[in-house]
Each structure stands twice: as C-alpha cells, then as structure tokens.
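Enquirer: I'll drop the sequence and a predicted model, then ask my questions.
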Amino acid sequence: MSDVFAEAPAQAAKPTIFFDGTSSRRRQVTLTFADALEILEEGGTPVRWSYADIRRADSPPGILRLACTTAPPLARLEIRDAVLAADVTVRCTDLDEHRTSRRGVAKIVGWSVAATVSIVCVVLFGVPLAADRLAPLVPKPIERRIGDASEVQVKTIFGRSVCEDPAGKAAFTKLVNRLRDAAGLDDDSMTAGVLPTAVPNAFALPGGKVYVLRGLLDKAQNPDELAGILAHELGHLKHYDNMRGLIYNGGTSFLIGLLFGDVTGSSAVIFASRTVVEASYSREAETAADTFAIEIMHKLGRSPKPAFELMYRITGKEGGSTLTSILASHPLTEDRLARMTREDRPVSGPPLLTDKEWQSLKGICGSGKI
Amino acid sequence: MNDMQWTPIGSEPLPPPLPPTRVDFSGDRSEFRKMVTKGAMLELVTFGFYRFWLVTDIRRHLWANTAIDGDAAEYTGRAKELLVGFLFALAILVPIYLAYFLIGIEFERWQGFASTPLFIGFYAFGQFAIFRARRYRLTRTVWRGVRFWMDGSGWAYSFRAMAWGLLVFLTLGLALPWREAALERYKMQHTHYGDLRGDFEGNGWTFFKRGWWLWLLSPIALVIFPLAPFFYAEFKAREWRWWLDGIRIGGVSLSSDLPHDAFYGLYWKVIGWWTLLSMVFSAYLGGSALLVVQLSGVPADQVFGSDNAARSIPMVVMMVAGYLALALAINIVMRVYLQRDLWAKVLETVKVHDIGAASDVQGRGVLASALGEGFADGLDVAGF
C-alpha cells in the first residue's frame, strides 16, 4: 500500500479506489462520464464500464461500491465522495436490478407455505395410508429380522433368559394357543414367553413374538386378566401394528425433520411435533387392539373386563392435564376400563385354565421374588 | 513484535516498519436488530425456509461493515446457493440415513445396542461438513477484489478431528488445546488469500497455560451454578485471543488484546433476557388460562381435562402461539448478542501487522459449492 500512496499526488479528502479483480492492488482513479463510465488510473490503461452493466455491491455506510457484469466478477469501484456517488447513481439505471425485492420475499413465503402445507398433508393422510397398505406387504423374513433385532434389545433390558418352569410353560402355551386359535393368527412362527423382570408390562414384537413380563403375571389374579392382555397384544400382531408403526414413525420423523431443516431430527420442535403426531396414531392402534381383545374374549365366552381391571390396578387413574392426554401413546386406562365395563357380558365359556394350571403358570419363573 | 519500534541501527538503514493497522467495524446495531427481527418473523411464516436468506443477510452485513486497513470486506454468497446446497445434501443424506437404519437392524440382531457406534459415523460426517462449510464461506469472502479460498480434504480433516476427539475423550478434556491447535493448523494451512498461503502459529501448550485452571475449576460450576457463565466467558475469551494471535496469511499476522473478562456482559445479558422472556411466557400462560376459563365459562378442570378434547383446543392454540413467540424472541436475542455484539467486541481488539504484504496479491482460487453448508444444515452441526 505504501508505494501506491508514495506515487500518488495529494488527493481530495475522499479518493475513488479501483480494484481490477485480478490483483489486490489499491488503485487511485479518476472517473469520466462518457457514453460509458471511464475509470482512469494515472499511467494505466483506462477501463470502461457500460452504465447498464453496473451493479451495486455490499458496502459499509458512506461508500458506494460498484461491480460490473461484463468486468471480472470481483472488480470493484469504490466511491467515497457523496456528490460523485450521486452523479454515478443517476447514470446507472439497473444499479439495484439484482437485489431481492419485496416480491422476491413474497415468493419465498408463498413457496414455503405451499411446501409446508403439502408436507403436513402427507404426514396427516399420506403416511398413515402408506403404512396401512405397506405393512401387510412387508415380507415375513424381513419382519422376523427386525423382530430378532428388537428381541435382542428387549432381552438386554429385561433379562437374558425366558422363564422355563415346565408346568408353567405348558400352562402358558395352552393359554396362548387357545387365544391364537380364536384370533385366527395363522403364523406358525409365533412365539411367546415370560421374562423375569419386576416391570408389569407385556408387548408384541415384529415377527410374532409376544412377551409377558413377570411383574404383570405377579399382579394378575386370574387367567382372564392375563388372557385379555395377551389378546390385546395378539391384536397388535394381527393388525401389523409394529411394521405400521415403524413405517409411520420413520416417515413422519423424516418429513417433519425435512420441514424444519434437520434430517436426523434432533431439535426440540421436531421432537415435540413428532411426539404429538405419533402418539395420536399409536392411540388409534391401541384402541383397535382393544377392540380385537374384546372380540377374542367374547368368542371364548369370557369377559374382557378383568384385563382392564388389572391394568387399572397397575397404572391408577391417569387423566390429569390436557398435555398428558395429548402426548399419551395409549388411551387413558380409566377410559379403556369404562369401555370394557360397557362390553362386559356374563361368562358363558369354560375357564381358560384350570386352577392348578394357573398356579403353575404363576410359578413359571421359580418361586423367588425379584 | 515489530510494532511501534525502530530497528536498531545497523550497517544498512532499514525502512521503519509500519505501525499495525486496526480492524474497524461500522455496522449499525439497530439496523442489525431490525434485520434479524424481520428475518425471525419471516422464518416463522415460512417454517424455517427463510433461514437461508437470513443467514446470508447477516453475513453480508457483518462482512461489509468490517474494514481492514480502511477497505471493507464483502460476502458474495447468495441464499439460493445455500438452498440448492441443502437440497443436494438431502439427496445424499437420505439414502445414507436409510442405510444407517438397515445396518443398525443387522447390528442389533447380533448384539443389543451394538449399533450405537454407528452414531460415530454421523459425527465424522459432521466434521467433514464443518470443513466444507468453512470452504464455502471462505470462497465467498472478498477483500480488495481478491477472494479467499481453501484446498485440503474434508475427509482428511474429519479423520484428524476424530482421532484428536478420541484423545480428548480419553484425557477427560485435557488434550483439547492440542486438538484445537492441530485442527486450526490444518484449516489455516489450507487457507489462501489470492496467492498468499495461510498458517496457524498458535500451539496447544500456550492455550493450555492460559486455561488449565478453568478445566480444574469446572466441577465447581456444576455445584455453584451462577459461576458457569463466568467460566464459559473466560474460556471463550481466552480461546478467541489465542486463535487470533496465531493467524498468519502470507507475511500478514494478527494479534489481539481481548481482555479475559470481555464476554461477561454479553453472556449475562443473554441470560437476563432468557430469564425475562421465560417469566413473560409463564405469565402469559397463566393469563391465557385465566382468560379461557373466564370467556368460555368452562371450569378450570375441564380446560385441562382430558374428557373433552374440543374444550381444551383454545388453550393448546394459545400455548403453541406463546411458545413460538418465545422461540422467536430468544432467536433475536442470541443473534444480536452472540453474533453481532460478539463480532464487534472481538474485532475492536484486533491488530493487523505487516498488511503491506497483502498490497499486491494475485487473485486465485475457484468458488466452492454450498454442498458443505447443506450437510452442516442437515446434520445440525456448526463450525467456524
């Protein structure tokens, strides 16, 4: 810089600077208004910029910085003198032609609203439809593979080995088979087992795996209570709820992530909206599984009500605030129990297990408390 | 240091070294605030798509108002490039995401939770994205009609970041200064301004000496919570100063006398705003609940009750609206204090030495695509 200043004669307080776009040399220039803007450096060749090609570039306040569409892309002319800047601005008609205008912003808003509406529609209508149609079409081997994977996980959490007491196992198999026949599940590979953990729960995994956790078995007071819960889980298998859920959850989290610009879906908004959308979907699936359980129990001539009394004993009254009921993945237990009470019918069929079988089933994990 | 000193008289008289030049920031604060406020509103209306335009506007404002040796920089990147980069990144990330899912299932079949290490793959990809995003930003940075540019490989950088990251993990964070020094050296040695090549002369040991006691004291901040912002501010100020002191481009070097307590005010202002906004939000929730009860005549337990979803809808709508307004306000506060004010605060301490070395640099380098920015956006990683 020093040498440029050394050669330049004393200038006006606000010089005009030109960068030719190929070198960072700061060239002090004078401007001439001819049929094009002439930029002249002392001792250099003049540069001509046609007025129509001149565009405004970003600059700090007090400086007019110009670029030219036909010059090297980074060539810049910096005018610091306000009067001169005004003179140039008057001559350059297309100075701000390339800027985002109000219309440009409106276009961005319009298109993003359109994109959002279509994504929301797909989440609300498209993905559930796709999940319903695709889930039954998923080949059994794939379903079983996913099931195997989740089984390994479940066993890591709830204990490695299935309860194996022979008499208990025989009783459990008898109960499961009766329910399976009534449910019309033709899946030969269906397996069921009791896992030794104090958590009171039961679940169905893809590929026809039903697990009852020992905590639930301990709290059950008669075979009907357990049978109703098992029938509910069989309902999930019958309706392919696992695969539907998988497709649905994957689809919605991907689409909502897309909407908020985060593919893997980690930020709070995504998490929140996913939870709400998915919980409502899963509540529908749970209600459908309840319906299925009612049908099975009626078919066997037993009442579905005891199972939900057992559930109520475990969860207690759940309803509280709006938020919990919007976020809940299952219908509230008291609502389900009320529904079962309406569906209650006098017992007409034989008991599902004899007293002796029931006692051995209760002892399937051995006598020790966990 | 050669600033403000005459070289000792030797056999040949040397020309006196030029005094260091300053970096000036001329950005108007209220203009910036208006820009991010409008941007945040548009982001809300467009469900986030406006972020590409807002980020570009913020960078244009900060760059154009930063003058080194009297000449302001310029940011030539445009929002459409970011949008296209994001869409390209999506096209590449989606199959990867799917493959990740399928491989995860196979791993889980073999051993429960065995797929957790696959997350590390995403982390590595994030580091790659950080490098490539930096390349995009740098090739859009122009000063005196010559652009900055970068070579080097994103994957080589990612590998270094991972290896050093492991070391930091194993040493419980003690190796962090050396990691930062090594990564910064890689980034700066592949940074160019025209035909000048960058370098980074900061070393881990210097940084360690400036901040080791913060590492020792950090457990205290977990117990006495109000100390944490002080510690973080100390750490950030020391990190910035060390980083600036190490930067070299050709013969040009930077130095900074950023005081160690420079960021106290900034962080506490952000925390103050955060607290204030949260209080306003809670008051709003309480007020709107009261209003809904009063206007609809529905008893309070039914507004929050589950048995009638239709009756609780007004309350949910009020809650969502309030939450969005809160997010918006916090967004503005963060951008004003942690981007604009921090930028200005750091720049006013920077001195540039031997700027004459950059007085006649030949332009080089080609524009990099915005794909890296797209990846960084898609993976939610940020880097500098």
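Expert: Perfect, I can see it now.
Enquirer: give me the below-cutoff pLDDT ranges for chain B.
Expert: B:1-17, B:108-118, B:296-313, B:378-384 (pLDDT under 70).
Enquirer: can you give me the helices in it?
Expert: B:29-45, B:51-64, B:79-110, B:118-139, B:154-170, B:176-189, B:204-223, B:227-246, B:264-296, B:300-303, B:309-334, B:342-347, B:371-379 (DSSP state H).
Enquirer: for chain A, same thing?
Expert: A:2-7, A:82-91, A:102-121, A:127-134, A:140-158, A:166-183, A:214-219, A:223-238, A:241-259, A:268-299, A:305-315, A:322-327, A:333-342, A:355-362.
Enquirer: for chain B, what's its nearest residue on the stretch 1-150 of chain A.
Expert: Across the stretch 1-150 of chain A, the shortest distance to chain B (Cβ to the nearest Cβ) belongs to A:Phe19, at 3.0 Å. Yep, even glycine has a C-beta here, placed from its N, CA and C like the rest.
Enquirer: swap in the stretch 151-300 of chain A?
Expert: For the stretch 151-300 of chain A, Cβ to the nearest Cβ, closest residue to chain B: A:Thr156, 3.3 Å.
Enquirer: quick one on the thing from earlier: what's the most buried one of the helices of chain A?
Expert: Comparing the helices of chain A by mean neighbour count (mean count of other Cβ atoms under 10 Å in any protein chain shown), helix A:223-238 ranks first with a mean of 24.
Enquirer: and the angle from that one to helix A:333-342?
Expert: Here the directions of helix A:223-238 and helix A:333-342 differ by 110 degrees (axes from the mean of the first three to the mean of the last three Cα atoms, to 10 degrees).
Enquirer: mind checking how far helix A:223-238 is from the chain centre?
Expert: Put simply, helix A:223-238 sits 29 Å off its chain's centre (Cα atoms, centre = their mean, to the nearest Å).
Enquirer: tell me the residues of the stretch 101-250 of chain A that contact chain B?
Expert: A:105, A:108-109, A:111-113, A:115-116, A:145-146, A:148-150, A:152-153, A:155-157, A:250 (Cβ under 8 Å from any Cβ of the partner chain).
Enquirer: picking that back up, weakest of the helices of chain A by average pLDDT?
Expert: Lowest mean pLDDT within these: helix A:2-7, at a mean of 40.
Enquirer: A:Ile39: what's it in contact with?
Expert: A:Phe18, A:Val29, A:Leu31, A:Pro46, A:Val47, A:Arg48, A:Trp49, A:Leu77 (Cβ atoms under 8 Å, 6 or more residues apart in numbering or on different chains).
Enquirer: among those residues, name the ones in strands.
Expert: A:Phe18, A:Val29, A:Leu31, A:Val47, A:Arg48, A:Trp49, A:Leu77 (DSSP state E).
Enquirer: identify the bridge partners of the last one.
Expert: Spelled out, it's A:Leu77. When assigned by DSSP bridges, A:Leu77 has beta-bridge partners A:Phe18, A:Leu66.
Enquirer: quick check: it touching A:Phe18?
Expert: Yes. With contact defined as Cβ atoms under 8 Å, A:Leu77 counts as touching A:Phe18 (5.3 Å).
Enquirer: intersection of neighbour lists for these two?
Expert: Contacts common to A:Leu77 and A:Phe18, judged by Cβ under 8 Å, 6+ apart, are A:Val29, A:Ile39.
Enquirer: columns distance to B:Ala228 on top of the helices of chain A, output as a markdown table?
Expert: Formatted as a markdown table, the helices of chain A follow (distance: least, Cβ to Cβ, whole Å):
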| stretch | distance to B:Ala228 |
| --- | --- |
| helix A:2-7 | 48 |
| helix A:82-91 | 49 |
| helix A:102-121 | 38 |
| helix A:127-134 | 42 |
| helix A:140-158 | 34 |
| helix A:166-183 | 54 |
| helix A:214-219 | 41 |
| helix A:223-238 | 46 |
| helix A:241-259 | 31 |
| helix A:268-299 | 21 |
| helix A:305-315 | 39 |
| helix A:322-327 | 30 |
| helix A:333-342 | 42 |
| helix A:355-362 | 53 |
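Enquirer: of those, which is nearest B:Leu324?
Expert: Closest to B:Leu324 of those is helix A:268-299 (Cβ to Cβ; 9.1 Å).
Enquirer: OK, contacts around B:Ala233?
Expert: B:Asp261, B:Ala262, B:Phe263, B:Tyr264, B:Leu266, B:Tyr267.
Enquirer: which residue, other than its chain neighbours, is closest to it?
Expert: Nearest residue to B:Ala233, sequence neighbours excluded (Cβ to Cβ, 6 or more residues apart in numbering or on different chains): B:Phe263, at 3.9 Å.
Enquirer: one step back: which residues are in contact with the residue of the stretch 1-150 of chain A closest to chain B?
Expert: Applying Cβ under 8 Å, 6+ apart, the residues contacting A:Phe19 are A:Arg25, A:Arg26, A:Arg27, A:Leu74, A:Ala75, A:Arg76, A:Leu77, A:Glu78, B:Arg144, B:Gly145, B:Val146.
Enquirer: if we can go back for a sec, the residue nearest to B:Ala233 reaches B:Leu342, doesn't it?
Expert: Yes. With contact defined as Cβ under 8 Å, B:Phe263 reaches B:Leu342; the gap is 7.1 Å.
Enquirer: who's more crowded, these two?
Expert: Neighbour count, other Cβ atoms under 10 Å in any protein chain shown: between B:Phe263 and B:Leu342, B:Phe263 has more, with 25 against 17.
Enquirer: which residues does the more buried one contact?
Expert: B:Ala233, B:Lys236, B:Ala237, B:Leu342, B:Lys345.
Enquirer: and the residue nearest to B:Leu87 when sequence neighbours are not counted, how many neighbours?
Expert: Counting by Cβ to Cβ, 6+ apart, B:Leu87 lies nearest to B:Gly374, which is 7.2 Å off, once chain neighbours are set aside. B:Gly374: 29 surrounding residues under other Cβ under 10 Å.
Enquirer: and B:Gly374, what does it touch?
Expert: B:Leu82, B:Val84, B:Gly85, B:Phe86, B:Leu87, B:Phe88, B:Ala89, B:Leu90.
Enquirer: any idea how far A:Phe254 is from the last one?
Expert: Using Cβ to Cβ, to the nearest Å, B:Leu90 is found at 10 Å from A:Phe254.
Enquirer: got it, and the fourth one?
Expert: To A:Phe254, B:Phe86 is 15 Å away according to Cβ to Cβ.
Enquirer: quick check: the nearest residue to A:His232 once chain neighbours are set aside vs B:Gly165, distance?
Expert: In space, and not counting its chain neighbours, A:His232 is closest to A:Ala293: 4.2 Å by Cβ to Cβ, 6+ apart. Going from A:Ala293 to B:Gly165 by Cβ to Cβ gives 51 Å.
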